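In: here are the coordinates; sequence isn't available:
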């Protein structure tokens, strides 16, 4: 897994690429919670996610719940097909705000 | 009875860094057996989640632990057997959270049960440890 953080349209955007499993999900969790601790509305770009397991999903759920408590915007964007199928299986596609792209969100 | 064919028999260190290796090995074995993409993805997901549970809950992060992975097939079915050698766990206590109760964690066993046709947890009788036997119709 690799990731980078950019800023666009007032959002911190965490771009995730590769397999998100227990070997890297703690780093994903820490990165997302750091952005939220800095009071930044946060987007997770999942276009490059080839695989995500329940530990990765748990990191996203924790970040989403933290954002809600802080009244900060948090959303998933450009979710890849493998990641979307896992979210759908857990019925979390109805819980997370999901957008096709960052530009679609900022319109 | 249809004879079994062994597709994979391998031991892995019970550490998060092994998960990618395990997924690759399971995917290759399932594809070799002729499973379709959805079937392969389901088996890979179930084995990954089960191994993660072993690392986190059976060995509790003890990196000296070992996971034993076997895959067998018959004409119609693929069987995965995972063994660990951690202290016996309470197999009756293994279960998923309710999906409506949205919180971090608790989805691993749900994913396993959704992905496979049959799952049986148990404690090893001949030595300290646990097993998970999972079956899936080949498709």
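Out: Ah, there it is. Because the structure is a prediction, the values reported are computed rather than measured.
In: Can you list the low-confidence ranges for chain B?
Out: Along chain B, the parts satisfying pLDDT under 70 run over B:1-3.
In: now with 50?
Out: Across chain B, residues meeting the criterion (pLDDT under 50) sit at B:1.
In: For the residue nearest in space to the middle of it, give me phi and psi.
Out: The residue lying closest to the centre of chain B (CA atoms, centre = their mean) is residue B:47, at 3.4 Å. The phi/psi pair for residue B:47 (degrees, to the nearest 10) reads phi -70, psi -40.
In: what separates the closest residue to it other than its chain neighbours from residue B:36, distance-wise?
Out: Distance criterion CB to CB, 6 or more residues apart in numbering or on different chains; nearest residue to residue B:47, sequence neighbours excluded, is residue B:26 at 4.9 Å. Where C-beta positions appear, they are placed from N, C-alpha and C, glycine not excepted. To residue B:36, residue B:26 is 15 Å away according to CB to CB, to the nearest Å.
In: Do me a favour and get the backbone dihedrals for the residue nearest to residue B:86 when sequence neighbours are not counted.
Out: Closest residue to residue B:86 apart from its sequence neighbours, by CB to CB, 6+ apart: residue B:58 at 3.8 Å. Main-chain torsions, residue B:58, degrees, to the nearest 10: phi -80, psi -60.
In: Same drill for residue B:26 and residue B:36, tell me which one is more crowded.
Out: Neighbours were tallied for residue B:26 and for residue B:36 using other CB atoms under 10 Å in any protein chain shown; the higher tally belongs to residue B:26 (24 against 12).
In: Just the helices from chain A, written as ranges.
Out: A:25-37, A:54-69, A:81-89, A:102-106 (DSSP state H).
In: How about the second one and chain B, touching?
Out: Yes. Using CB under 8 Å from any CB of the partner chain, we find that helix A:54-69 touches chain B at A:54-55, A:57-59, A:61-62, A:65.
In: Regarding residue B:65, what are the backbone dihedral angles?
Out: Dihedral angles for residue B:65 - degrees, to the nearest 10 - are phi -70, psi 160.
In: With residue A:100 instead?
Out: For residue A:100, the backbone dihedrals (degrees, to the nearest 10) come out as phi -70, psi -30.
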